[in-house]
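>>> Let's see this in three dimensions:
(chains A, B, C and D)
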Protein chains: 2
Amino acid sequence: MPTIRDVAEKAGVSVTTVSRVLNNRGYISEHTRKKVYQAMEELDYQPNEVARSLFRKKSNIIGLIVPSIAHPFFGELTSYVEYYAYCRDYKVLICNSMLDAAKEQEYIAMLRRNQVDGIIMASHTLEVEEYKKLDLPVVTFERFISDKIPYVTSDNYQGGKMAVELLLERGCKKIAHMCGSLHLDMLANQRHQAFLDVARERGAVCCTVETDMNAFEVDKYERLLTDLLTEQPDIDGLFLNSDLMALVAITVCRKLGKRIPEDVKLVGYDDVLLASLTSPQITTIRQPLDKMSELAVQLLESLIQGESVKVENCLPVELIERETT
Amino acid sequence: MPTIRDVAEKAGVSVTTVSRVLNNRGYISEHTRKKVYQAMEELDYQPNEVARSLFRKKSNIIGLIVPSIAHPFFGELTSYVEYYAYCRDYKVLICNSMLDAAKEQEYIAMLRRNQVDGIIMASHTLEVEEYKKLDLPVVTFERFISDKIPYVTSDNYQGGKMAVELLLERGCKKIAHMCGSLHLDMLANQRHQAFLDVARERGAVCCTVETDMNAFEVDKYERLLTDLLTEQPDIDGLFLNSDLMALVAITVCRKLGKRIPEDVKLVGYDDVLLASLTSPQITTIRQPLDKMSELAVQLLESLIQGESVKVENCLPVELIERETT
DNA sequence: GGACGTATGTTAACCGGTTGACACAAGGGT
DNA sequence: ACCCTTGTGTCAACCGGTTAACATACGTCC
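Below you'll find the predicted structure:
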């Protein structure tokens, strides 16, 4: 790899001059500028960003911690975050926490060692206190940590409400909600609150299935749903916290010989790409993932630049009715 | 952020001593080591990896270029690559080329600027020559560049062969293959070669649909498949180059009133998580993505360490028959 | 002829680590 | 008494850039 010295030599100028060209500061004649660019071209020179980062105390790298990029929701999220970050000249280091608290903490330490300018947290296995200690700019998805840490979310309560109301309107008598662990106070838990509130208000029978903390696995979903629907065969409405869960639910219903939407109705969540590609297509609550990701990147950049930002950033959800209701 | 100087001061030793503790070199008494560790603990010190990278000329970061992480295949791939890389103490910078050649080239330049130790390329929009010029360790997925650049692939010809043979065995008379652009000489094109060979050998009528270079979009697949199946309604077997395409094909067939597998049989490719979650579940050719990713990381690490490695790394595929055949 | 703007070079410090050379001291072994 | 091992410190150079301070040189304008 050629260095700035090689460029200077080749162009017949000083290192300072090359640096001035590179950073557009001070006086540079058109002639010299051309010579320098040409030398860079010939050497295929690329400035060493590691050296620049060290000096500037800014790496232009952000960390993104997700449970697993293999999960369609987080895959799409990552894709958007990377896109919007790159537009603002930030690179993304990815971390798959696999919903493992120790791993998540290790990742955070790693990101600090690597001097990332900020972190977007979409995995939350740690207690609030752990995040509060962080001296870095942080933006979270779907979790309130403190009034210093902005979060991006969508209107979970409204989403849960619309989902359940739709199920009841379509005639469901006994409904169930499948969600992740309710132990950590995630904003997504508001979906469950809405589920409970609406069910009570309308006098519907309801029950809840919490998937375990450490399981993001389809097998687990399948087992839980199979158990649920065999133990309580009169359940005729399912509200699922992700489209992936809904996808599994479709499979399980088919295996149990339950027709959708005749015998059981489903509402998923997220509206990932897949939701419209399944058979039947999944009725779901759409989170504006594109906008949410853009906003997260925007907020993080503002924090990095020392600006203060709104802490709560809640975007509207939308009911997309398809074929499972 | 505390520096090594702060640690030295707090522990009452010299910077050199702290560095020796950090890197386990030279003589250090147990007593001093403890003092230093305690100081690091108290300050919550993390060594600045940017400074270390600069000195060592090694960033312990690798770049991963994929078309889009939102695509389930590449999402899973990325997840595995990140996992195996992290096990070997490498961090991953992600790049979504979106199958855009200019973007891909920009990403490569960016990765060089950032001094990544190597690149895993799973997106290939550029001509072979462009990759040959790279002075970095590179491992590719599914593409032969030169005998200097190792590649990881699965047995594409065999995969194509098994897929088509299955379709014909199940009684298909007119089959079609949907694949990406055949323009660039990707190893995945061997699937198409196998498709043609087997079809000719068995005297089956066949045709091909190439998706456009720049389209990774489901809409595009849908349009192409709809056109195909309406213009040639006697097609009764589809071989699709990814499970995502197969998923779209299921939707299209349903819209056109064609039953699967009675009227049309499908074979997908990859065996991503989704393939077994759809209704009907997709018969597919399984690529051992986990092993392939691990191998890619292993190879890259070997290259980084200056070892020489086998150029061709081909893993076996497996036919997973499910419900679409 | 002096002031000023433009253009470039020289030098040195700095970012936060790592490393080698060398000095020095304490303790043990012979 | 001397050598060796162990433990620690000081100092300086280095990685590849950036930047401030200062010097110098050429035009040009008044």
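>>> Report whether the helix or strand of chain A with the lowest mean pLDDT contacts chain B.
The weakest-scoring helix or strand in chain A, judged by mean pLDDT, DSSP states H and E, is helix A:128-132 (a mean of 85). No. Counting by Cβ under 8 Å from any Cβ of the partner chain, chain B is not contacted by helix A:128-132; separation bottoms out at 12.3 Å. Just so you know, the C-beta spots here come from the backbone N, C-alpha and C atoms, and that holds for glycine as well.
>>> and if you look at stretch A:254-271?
Yes. Under the criterion of Cβ under 8 Å from any Cβ, chain B is reached by stretch A:254-271 at A:R254.
>>> about what we covered before: would the helix or strand that comes right after the least confident helix or strand of chain A count as contacting chain B?
Downstream of helix A:128-132, the first helix or strand assigned by DSSP states H and E is strand A:138-141. No. Strand A:138-141 does not reach chain B (Cβ under 8 Å from any Cβ); its nearest approach is 15.2 Å.
>>> just checking, A:V7 touches A:M40?
Yes. Between A:V7 and A:M40 there is a contact under Cβ atoms under 8 Å: 5.5 Å.
>>> between those two, which one's more packed in?
Using other Cβ atoms under 10 Å in any protein chain shown, the more surrounded residue of A:V7 and A:M40 is A:V7, with 27 against 21.
>>> which residues in the stretch 51-200 of chain A form strands?
A:61-66, A:91-96, A:118-121, A:138-141, A:151-154, A:174-179 (DSSP state E, counting those that start in this stretch).
>>> Take those strands and lay them out in CSV including mean pLDDT, distance to A:C207 and mean neighbour count.
What follows is the strands of the stretch 51-200 of chain A, written out as CSV (pLDDT from 0 to 100; distance: least, Cβ to Cβ, whole Å; neighbours: other Cβ atoms under 10 Å in any protein chain shown):
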stretch, mean pLDDT, distance to A:C207, mean neighbour count
strand A:61-66, 98, 29, 26
strand A:91-96, 98, 32, 25
strand A:118-121, 98, 31, 25
strand A:138-141, 96, 28, 25
strand A:151-154, 97, 25, 24
strand A:174-179, 96, 5, 23
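>>> Enumerate the positions of the least confident helix or strand of chain A that are buried.
A:Y131 (16 or more other Cβ atoms under 10 Å in any protein chain shown).
>>> And chain A, what are its domain boundaries?
For chain A, automatic domain parsing gives the domain ranges A:4-47, A:56-154+A:289-315, A:156-288.
>>> For chain A, list the residues in contact with DNA strand D, please.
Contact residues, chain A versus DNA strand D (Cβ under 7 Å from any atom of the strand): A:1, A:3-5, A:15-16, A:18-20, A:22-23, A:25, A:45, A:47-48, A:51-52, A:54-56.
>>> near DNA strand C too, which of those?
A:15-16, A:20, A:51, A:54-55.
>>> which of these are buried?
A:20, A:51, A:54.
>>> so which of these comes closest to B:L303?
For those, the minimum distance to B:L303 (Cβ to Cβ) is 23.9 Å, reached by A:A51.
>>> what's that closest one in contact with, if anything?
A:A51 is in contact with B:L54, counting by Cβ atoms under 8 Å, 6 or more residues apart in numbering or on different chains.
>>> What separation do you get for it and B:N156?
42 Å (Cβ to Cβ, to the nearest Å).
>>> So which residues on the stretch 1-150 of chain A come close to DNA strand C?
Counting by Cβ under 7 Å from any atom of the strand, the stretch 1-150 of chain A sits next to DNA strand C at A:12-17, A:20, A:26-33, A:51, A:54-55, A:57.
>>> Among the residues you listed, name the ones in helices.
Here DSSP state H is the test, and those give A:15-17, A:20, A:30-33, A:51, A:54-55 as lying in helices.
>>> ok, so of the residues you listed, who is nearest A:S123?
Nearest member of those to A:S123, counting by Cβ to Cβ, is A:L54, at 29.1 Å.
>>> From what I see, the closest one and B:E49 are in contact.
No. Judged on Cβ under 8 Å, A:L54 makes no contact with B:E49 at a distance of 10.2 Å.
>>> Quick one: closest of the domains of chain A to B:R200.
Closest among the domains of chain A, using Cβ to Cβ: domain A:156-288, at 32.8 Å.
>>> So what's the gap between the closest one and the chain middle?
20 Å (Cα atoms, centre = their mean, to the nearest Å).
>>> follow-up on the earlier one: mark which of the residues of chain A next to DNA strand D are buried, thanks.
A:4, A:18-20, A:22, A:45, A:47-48, A:51-52, A:54.
>>> Going by distance to A:A246, which of those residues wins?
Among these, and counting by Cβ to Cβ, the member closest to A:A246 is A:R52, at 46.6 Å.
>>> Helices of chain A, start to end?
Counting by DSSP H, the helices of chain A are A:4-11, A:15-23, A:30-43, A:49-56, A:72-87, A:101-113, A:128-132, A:156-169, A:189-202, A:218-231, A:243-255, A:289-304.
>>> which stretch in the ones you listed has the least confidence?
The stretch with the lowest average pLDDT out of those is helix A:128-132, scoring a mean of 85.
>>> can you list the residues of the stretch 151-300 of chain A near chain B?
A:218, A:244, A:247-248, A:250-251, A:254, A:273-274, A:277-281.
>>> State the pair within these that is farthest apart.
A:R254 and A:L273 (21.4 Å).
>>> So between those two, which is more surrounded?
Ranked by neighbour count (other Cβ under 10 Å), A:R254 and A:L273 place A:L273 first, with 19 against 14.
>>> surely that one meets B:V218?
Yes. Counting by Cβ under 8 Å, A:L273 does reach B:V218; the two are 6.4 Å apart.
>>> so what sits against both of these two?
By Cβ under 8 Å, 6+ apart, no residue touches both A:L273 and B:V218.
>>> Can I get stretch A:3-11 in PDB, CA atoms only?
C-alpha atoms of stretch A:3-11 as PDB (Å, rounded to 0.1, in the frame of the first residue of the first chain):
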ATOM      1  CA  THR A   3       1.500   6.100   1.700                       C
ATOM      2  CA  ILE A   4       1.100   9.800   1.500                       C
ATOM      3  CA  ARG A   5       4.900  10.000   1.300                       C
ATOM      4  CA  ASP A   6       5.000   8.000  -1.900                       C
ATOM      5  CA  VAL A   7       2.400  10.300  -3.400                       C
ATOM      6  CA  ALA A   8       4.400  13.300  -2.300                       C
ATOM      7  CA  GLU A   9       7.500  11.900  -3.900                       C
ATOM      8  CA  LYS A  10       5.900  10.900  -7.100                       C
ATOM      9  CA  ALA A  11       4.200  14.300  -7.500                       C
END
